[in-house]
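Novice: Starting from these lines, generate the structure:
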Amino acid sequence: MNANEVIRVNKGTWDRIKVCLDFIYTGKADGLENGKYDLEDGIYIKVSDYDTKDEPKYETHDKYVDIQYIISGEEDIEVADVLDFTPNTEYNEVKDITFGTASGARKHMVPGTFCILLPEDAHAPGLTGKEKCHVKKAVFKVPV
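Specialist: From the prediction side, this is the model:
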């Protein structure tokens, strides 16, 4: 399958991702307080703050794409192919999450950067990069 076929197959999902990116690019995400916000077409945003952690805790989602956007602070995120993911919990359908282990590539994220994570991407967010850090992040949940 080539990139054009992926876009055709998932056109509705890509249109919803664009809604989120427009929200980010206009600066609207930067001013949000912690909490949950409904956008449109089933999209919602969860804003939270936390301290980074040293050990990766991988997760996967079946029903949503994650767009993780750093508002303040810095963190690393690891991303691996879901085929290399070993679950260690049962899938929680209500929260759309499975936890487990994997070994993936690490990406350093700073304020203003985002990462789009498809259901095929196991990921471990919130990791300590250069040093421990307090992070504020908006996670856009986009239905597939």
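Novice: After the worst-scoring helix or strand of the chain on mean pLDDT, which helix or strand is next?
Specialist: Across the helices and strands of the chain, mean confidence by mean pLDDT, DSSP states H and E is lowest for helix 3-9: a mean of 44. Counting by DSSP states H and E, the next helix or strand C-terminal to helix 3-9 is helix 11-25.
Novice: Report the residue spans of the protein with pLDDT below the cut-off.
Specialist: 1-9 (pLDDT under 70).
Novice: can you pull out the strands in it?
Specialist: Under the criterion DSSP state E, strands of the chain are mapped to 35-38, 44-51, 58-60, 64-72, 75-81, 86-87, 98-101, 105-109, 114-117, 121-127, 134-143.
Novice: The ones you listed into a markdown table, with extra columns for mean neighbour count and distance to residue 20?
Specialist: In short, each C-beta sits where N, CA and C put it, glycine included. As requested, the strands of the chain are exported to a markdown table (neighbours: other Cβ atoms under 10 Å; distance: least, Cβ to Cβ, whole Å):
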| stretch | mean neighbour count | distance to residue 20 |
| --- | --- | --- |
| strand 35-38 | 11 | 11 |
| strand 44-51 | 15 | 8 |
| strand 58-60 | 23 | 19 |
| strand 64-72 | 21 | 5 |
| strand 75-81 | 19 | 17 |
| strand 86-87 | 13 | 27 |
| strand 98-101 | 17 | 23 |
| strand 105-109 | 14 | 16 |
| strand 114-117 | 18 | 9 |
| strand 121-127 | 23 | 16 |
| strand 134-143 | 20 | 4 |
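Novice: And those: which comes nearest residue 19?
Specialist: Minimum separation from residue 19 across the strands of the chain (Cβ to Cβ) falls at strand 134-143, 8.2 Å.
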